[in-house]
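[1] any chance you can model this:
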Amino acid sequence: MDHETRERLFEPVGVATVARLRLSVQHLWTLLPLFAVAWLGFMRPIGRDFWWHLKVGQIIVQTRQIPSVDALSFTYTGQPFAYVQYWLSEVSYYLMLRVGGLPLVIALNSLLLVLCTWLILRLCLEATHSTRLAALCSLVTVLLVMSLYSLVRPQLYSIVLFTVFYWILWRYRDGRRDLLWCLPALMVLWVNLHGAFFLGIALLGLVWGCEALRRMLHGPRQDVLEPAALVKLGLVLVLTALACLLNPAGLRTLDLVSQLQASPAVRLFVTEWQVPNIGDPAALLVYYGPLFVAVCVFFYSPRRLNLTELVLFLAFALLGLTALRNGVWFTLMVTPMVARHLVELRELLRRPRWAWSERLRTRAATRGAVTHDWPAWFILTCLAAITVLLSPWVRPLLGIDRLGAQLVDKGTPVGAMDYMAAQHLLGNTFHPEECGDYLIWRLWPQQRSFIDGRIHLFGEAFVRDYLQTFSDPDWETRLARYDIRYLLLPKTDAHSAFLLSSARQSAHWVLMYEDDVSVLFEKRS
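    Take a look at the predicted model:
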């Protein structure tokens, strides 16, 4: 083969390969939010309200049926309880555990977080055409929202699917790739994963109604959907609503979701279901902070919200006022809007009448002139190495306490459960609510919970009686009504301090087990 033929065959391949491998700092800006949320997911231990979902998933896989009554607690055994709202997510968690253990559960949970962040980043990029601005907006959303909602729990499925719905609808409005027909299929998945599926219907209905009204008010216009596009959107809305019926409970699923949200026990005693308090740091991060920033940006932006944007902003802002956990939907929805209006503000600052506009232009031109990409590859290698070190497979092997060597929450009574399982203890156990979920996972059916994370099962009167036990001087009489034989109390919880001190001093209880996390007592015969 001569030199000319060799160049003709191999040079194009080499050039194309090098072009594909080009990496710049701009690419790193888009990767930064994705790496950040992956690290966040890896570092968050599995919370104490996850374990009962895991047990239900095991029951469904082994029995091939979804339970319809409570069998996990001894206080409400036999009472009707609906598991159909979460059954598919619970099965997925249990199957992941069987295949790869807790590290795989955490890793796939982090993958869902990355997917959600990537969709928000794409929306911001399409709205701004600015890599850095889109990366910063999505990164702030990651730090605000995912810092509170990155735990392994079924709600994360709803967060991801809500973002997918929003992404598909916004691209359809902007005349980009049409993926509307995916929404009914996604709803079939959503309605079996988590009870927040109705938010997808609400989002789709609001977009269709607002776009139809805009068509009536403005007539033919470039930023208004054509009649054929509105008809298609309405048809997809009907099919997506009908897809909600494709679950084991059918239409009754809507009633089950409304019962959970209207439960007095949930509203009174579960923090994330309460109205967000402006003095609460979590409420400031997830709801009031983003609300304040969005209002300021919209007020000063030369561009005005169109009808669809305004209605979505107001609707989800009001939804966020109803419960702390609803702030996540508002923040996810408003982030691309804020990014789009920040571009308008930036262009306003770059006008010649501003003294620093030329400085901004000069800095932008200087950044664009840099062509060397080896620093970017070095930074990317470092980010990838950090990701590997923080992964749930490697991090526990490092033995660094600050990185969290354990994959489960430090307050989880693992040692006490090991002891109870080894001793085959039988009899009713009183414990705080946060210990009930792990007790279900580790010891059911030999042990059943007194109370656990399913607060809407137990009701307001029972929960009030349970809470009063921790401060009642006559707590032994209260426990006698439930034939309590064992008393499991955490050592680091201030709420249980009185009961723990009283049990140590009581002649009716004998210490069986104690470690740094919890204490186990047995009632004397």
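[2] pop the domain breakdown of this structure in here.
    The chain is divided into the following domains under automatic domain parsing: 36-150+388-408, 154-262, 414-523.
[3] of all these, which one comes closest to residue 374?
    Of all those, domain 36-150+388-408 sits nearest to residue 374, with 19.5 Å by CB to CB. Bear in mind the C-beta positions are built from the backbone N, C-alpha and C, glycine included.
[4] quick one: end-to-end length of that closest one, please.
    Start-to-end span of domain 36-150+388-408 (CA to CA, to the nearest Å) is 21 Å.
[5] phi, psi for residue 175 please.
    phi 80, psi 20 (degrees, to the nearest 10).
[6] got the residue ranges for the strands in the stretch 101-250 of the chain?
    Counting by DSSP state E, counting those that start in this stretch, the stretch 101-250 of the chain forms no strands at all.
[7] not counting residues beside it along the chain, what's closest to residue 193?
    Excluding its sequence neighbours, the residue lying closest to residue 193 (CB to CB, 6 or more residues apart in numbering) is residue 157, at 4.2 Å.
[8] got it, and residue 94?
    Spatial nearest neighbour of residue 94, excluding adjacent residues (CB to CB, 6+ apart): residue 57 at 3.2 Å.
[9] cool, residue 87 as well?
    Nearest one to residue 87, counting by CB to CB, 6+ apart, is residue 66 at 5.0 Å.
[10] wait, that neighbour sits on residue 85?
    No - using CB atoms under 8 Å, residue 66 is not in contact with residue 85, being 10.2 Å away.
[11] who's more crowded, those two?
    Legend: neighbour count by other CB atoms under 10 Å for residue 66 and residue 85, higher for residue 85 (22 against 18).
[12] residue 297 is nearest to which of the domains of the chain?
    Closest to residue 297 of these is domain 36-150+388-408 (CB to CB; 10.3 Å).
[13] against residue 84, how distant is residue 159?
    Remark: distance between residue 159 and residue 84 (CB to CB, to the nearest Å) = 20 Å.
[14] just give me the neighbour total for residue 267.
    Neighbours of residue 267 using other CB under 10 Å come to 17.
[15] I'd guess residue 451 is in a strand, am I close?
    No - Residue 451 sits outside any strand when classified using DSSP: H, G, I helix; E, B strand; the rest coil, being coil.
[16] ok, back up a step: same drill for residue 159 and residue 84, tell me which one is more crowded.
    Just comparing residue 159 and residue 84: by other CB under 10 Å the higher neighbour count belongs to residue 159, 24 against 19.
[17] ok, the more buried one to residue 188 distance?
    To residue 188, residue 159 is 18 Å away according to CB to CB.
[18] in stretch 27-47, what's buried?
    Across stretch 27-47, burial judged by 16 or more other CB atoms under 10 Å covers 28-42, 44-47.
[19] likewise stretch 263-275?
    So, applying 16+ other CB under 10 Å, buried residues of stretch 263-275: 263, 265, 266, 267, 269, 270, 272, 273, 274.
[20] pLDDT value on the fifth one, please?
    Listed pLDDT for residue 269 reads 87.
[21] kindly report the same for the last one.
    In this model, residue 274 is scored at 89, pLDDT.
[22] for it, what are its contacts?
    Contacts for residue 274 (CB atoms under 8 Å, 6 or more residues apart in numbering) come out as 267, 268, 323, 324.
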